[in-house]
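# 3D model of this:
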Amino acid sequence: MALTRSQSALVEQRLAELSKEVQDNIRKTMPKPADEKSLDRAGAGLDSGEEAVNSVQEEFDHALHERYLAEFRQLEAAQARVASGEIDQCADCSGEIGAERLLAYPLAKRCIDCQERHEKASRGTAAPKP
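All right, here's what the predicted structure looks like:
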């Protein structure tokens, strides 16, 4: 059963809310330009432990920023599917995704069955653990 207008509006509203949250997170994790004060502090006697902590924090912030950017791209794709009327159409089998699934996870682009197959296939191609 295709989404009703009210269900589609709820999905669209949830996507808009998520988009705002993700955009806020992107802004919060944007790399900060080095100003003179931070450069002065960086050269003012940081020991190797402090430098290592700073480096790890920068790497973590960068990874988080990249995650938010990827999520924003998913949101844009979902919003385009809403605009085209295809938000409830599975990307793999063209069947219906279902209102409950979309209301719970508006970024869903596969029905439950196709998502399970996708996840099983992804696990099978994962790099072996050392």
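
# Tell me how far the strand or helix carrying residue 16 lies from the chain's centre.
When secondary structure is defined by DSSP states H and E, residue 16 falls within helix 5-28. For helix 5-28, the separation from the chain centroid amounts to 12 Å (computed by Cα atoms, centre = their mean, to the nearest Å).

# Mind listing what's buried along the lengthiest helix in the chain?
For the chain, the longest helix by residue count, based on DSSP state H, is helix 48-84. Across helix 48-84, burial judged by 16 or more other Cβ atoms under 10 Å covers 65, 68, 71, 72, 75, 78, 79, 81, 82. Where you see a C-beta, it was placed from the backbone N, CA and C, and this is true even at glycine.

# Repeat that for stretch 96-116.
Buried residues in stretch 96-116, defined by neighbour count with 16+ other Cβ under 10 Å: 97, 98, 99, 101, 102, 106, 108, 109, 110, 111, 114, 115.

# Output those in JSON lines, with secondary structure, distance to residue 3 and pLDDT appended to each entry.
Listed next are those as JSON lines, based on DSSP: H, G, I helix; E, B strand; the rest coil; distance: Cβ to Cβ, whole Å; pLDDT from 0 to 100:
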{"residue": "97", "secondary structure": "coil", "distance to residue 3": "9", "pLDDT": "95"}
{"residue": "98", "secondary structure": "coil", "distance to residue 3": "9", "pLDDT": "90"}
{"residue": "99", "secondary structure": "helix", "distance to residue 3": "5", "pLDDT": "91"}
{"residue": "101", "secondary structure": "helix", "distance to residue 3": "11", "pLDDT": "93"}
{"residue": "102", "secondary structure": "helix", "distance to residue 3": "7", "pLDDT": "94"}
{"residue": "106", "secondary structure": "coil", "distance to residue 3": "11", "pLDDT": "94"}
{"residue": "108", "secondary structure": "coil", "distance to residue 3": "12", "pLDDT": "95"}
{"residue": "109", "secondary structure": "coil", "distance to residue 3": "14", "pLDDT": "95"}
{"residue": "110", "secondary structure": "coil", "distance to residue 3": "16", "pLDDT": "95"}
{"residue": "111", "secondary structure": "coil", "distance to residue 3": "13", "pLDDT": "94"}
{"residue": "114", "secondary structure": "helix", "distance to residue 3": "18", "pLDDT": "95"}
{"residue": "115", "secondary structure": "helix", "distance to residue 3": "18", "pLDDT": "95"}
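
# Nothing else from me, thank you.
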